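Asks: Provided below are the primary sequence and the corresponding predicted coordinates.
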Amino acid sequence: MDFNDQIESSGDEEEITAEAVLKTLYNAWQNERLSPEILPHCNEMVECMLGQIQHMERNINKLPKTDLRASIHKMELSRIKYIICNYLRARLCKIEKHCIPIINEERQRIESGTNYLTPSEYKYAQEYLLNMEGHFKSVVLDKVPGNMQTFEMNKMAIYPNLQSHVFLKANETVNGVVLDLPGEQDEEIDLEEGSQHILLYKPVADLVKSGKVQLI
Amino acid sequence: MFGEKVIELIKEAERNPDTMDPFNDEKLRQILEEMQLLFKMNMNDANATSENRSLWTTVQVRHAALERNKRCLLAYLYSRMNKIKTLRWEFGSVLPPDIRELLSDEEYQWFSKYSTNLATYMRSLGQDIGYSGIDLTENLKPPKSLFIEVLCVVDYGKLELEDGDVIMLKKNSRHFLPTSECQTLIRQGVLKQIT
Amino acid sequence: MDPYEIEFIGENRLVSVIPNFTYDKIYLICGEFGPFRAGLPMNVPLWLAVMLKQKQKCRIVPPDWMDIDALETIKEAEKTSRFFTKMPNEHYMVEAKLILGAAAEDIPRAGEIKTIIKDIWDIRMSKLRTSMDTLMKSGGSYGRLDHLTMMEINSVKPLLPSAMDDLLRIQSMAKKTIQPSLNTSSFSQSGSSQNI
């Protein structure tokens, strides 16, 4: 993470500036847009930005409407709102499309405290699935012959394609990434800091989640 | 032939990615009828197959047709469901009447539930800090401080811009204005965009 | 991603402007800028520079690389190199489009500059097309593309990644024995689903 000069260190905690949070949110947005699966959430950062927006909106209201500074702040706020909305919407799209596997996997992740979804998102996912099931039942399933009426979760599930290719940039040097290529041999490559590659998502999924590489 | 009608349904759903046909109640009813018929025939023959193995293939074919019908019907619903979702993002929670007509009653019910679910989620954003929630359906395009050239087609009078400038909109006058502030007037026909 | 999304990212880059007004520092969420002193150059994000320019509140100072000689050098290097050379920055196209679009009068020889930048882009895109072709023909599942900018990479999406996805699928299937199977796949949408 990028820290600028104005960080205060108070004991163990370091204060992270709004600027740094925004930068990280940009990266999270990019990754979320470009990855085939849902990534761990960045809720603290979203909330931090919402707080900044709230604070800034109050300040703008104190300025005369015609003040140039008001226009500048308004423009910045609409930019930040755009990023937040686009980021959250990208997540909702994935949650909707892959709701069945996401709910299943999230159930396990919640138990180990490594959830990818925020509580609100999880609730959204469950409600969405319930509505879809209800809809299918009332229009079709309840009206088909007896033994065919079940909503078959495993058949309805759409899994994210982890075998898709992505572009990435290495934020730091990562050695020994194993590409499972279709040929017999598995190749091992090193990702030098700053280098860019196109390759299968699956072998680098963890590197994306840990911030060692950035999808581009 | 079994399973043909359901393909027509699918074709209807997939014909145009940007538009939706009215919900085809009639076809759905016919296909469900076909399924009941197939099922009944199978029930009869299934009892007989324990003695007569030659019926076994027929039963299998009918069963395959049943499964296919079920799968395709759900695909039809699913395809429409996805389109209905985009309606919420485009039109908001109130659909224009000509669009509402295209949905079956059940689909409209689903739309309402989807809409409510989305609203609940959006309200939850920033709840902890007392922020009034952010509307994800706005802010879908990156903001641009774009200026466009417009022609004023009627005598409108004074227009006060957000930054305080006052513009006189006389018939046939041309102006270079921020896009966001012209949109309403363009929609109302007062201004015309000159590309 | 859409080009306008990449443009949005590129708009965060700092550029130099000369304001025609005087103001104290402003404290934006993305950083502090100023103070603004009429006639003195200072740095602001590109989106702000464009906005101020449109409101006729500043002049935009062309970045160092937006100069005929510098660009000719870059163009030559790109022509002669087999690989992609490093561009002045990650968002040179976004900067070019926005600055030349909003403030052409502030850029000396703007017309010629536009042309050279377009030439550089064309050379690189042509190299990219050739590389894609080579990559696919070699049965590629992996490629290295240093020094390509986001906008350039985006221009080959979804073509290149999805072609590689399909190639992989074909190669994997060729290895499997064909089994009579109940089709248990779900509602696949243009092949983007994968049964695990």
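Replies: Received, thanks.
Asks: is it true that B:Leu102 touches B:Asp25?
Replies: No: B:Leu102 is beyond contact range of B:Asp25, at 11.9 Å (criterion: Cβ atoms under 8 Å). From N, CA and C alone the C-beta is placed, and that goes for glycine too.
Asks: quick one, which of the two is more surrounded?
Replies: Using other Cβ atoms under 10 Å in any protein chain shown as the criterion, B:Leu102 and B:Asp25 rank with B:Leu102 on top: 18 against 11.
Asks: so what's the more buried one up against?
Replies: For B:Leu102, the contacting residues are B:20-23, by Cβ atoms under 8 Å, 6 or more residues apart in numbering or on different chains.
Asks: does it count as helix, strand or coil?
Replies: Here B:Leu102 takes the coil state, with states given by DSSP: H, G, I helix; E, B strand; the rest coil.
Asks: follow-up on the earlier one: please pick the buried ones from the contacts of B:Leu102.
Replies: Buried by 16 or more other Cβ atoms under 10 Å in any protein chain shown: B:20, B:23, out of the contacts of B:Leu102.
Asks: gap between stretch B:72-89 and the chain center?
Replies: Distance, stretch centre to chain centre, for stretch B:72-89: 7 Å (Cα atoms, centre = their mean, to the nearest Å).
Asks: anything in that stretch near chain A?
Replies: Yes: judged by Cβ under 8 Å from any Cβ of the partner chain, stretch B:72-89 comes into contact with chain A at B:73-74, B:77, B:81, B:85.
Asks: distance of the residue in chain B that chain A sits nearest to from chain C?
Replies: Nearest residue of chain B to chain A: B:Gly164, at 3.1 Å (Cβ to the nearest Cβ). Remark: distance between B:Gly164 and chain C (Cβ to the nearest Cβ, to the nearest Å) = 11 Å.
Asks: now do the SS call for that residue.
Replies: Secondary structure state of B:Gly164, per three-state DSSP, is coil.
Asks: near the nearest residue to it once chain neighbours are set aside, how many other residues are there?
Replies: Distances taken as Cβ to Cβ, 6 or more residues apart in numbering or on different chains put A:Thr66 closest to B:Gly164, at 3.1 Å, once the chain neighbours are dropped. Counted with other Cβ under 10 Å, residues neighbouring A:Thr66 total 13.
Asks: over to B:Lys40?
Replies: Other residues within reach of B:Lys40, judged by other Cβ under 10 Å, total 12.
Asks: and it, what element?
Replies: Per DSSP states H and E: B:Lys40 is located in helix B:25-49.
Asks: what is the helix or strand that comes right after that helix packed up against?
Replies: Where DSSP H and E defines the elements, the next helix or strand beyond helix B:25-49 is helix B:55-91. Taking 3 or more Cβ pairs under 8 Å, 6 or more residues apart in numbering or on different chains; DSSP states H and E as contact, the helices and strands that helix B:55-91 lies on are helix A:119-139, helix B:4-14, helix B:25-49, helix B:105-124.
Asks: before we move on, what SS does the residue nearest to B:Gly164 have?
Replies: coil.
Asks: now do it against C:Ser138, distance only.
Replies: To C:Ser138, A:Thr66 is 62 Å away according to Cβ to Cβ, to the nearest Å.
Asks: can you check A:Tyr26 too?
Replies: From A:Tyr26 across to C:Ser138, the span is 35 Å (Cβ to Cβ).
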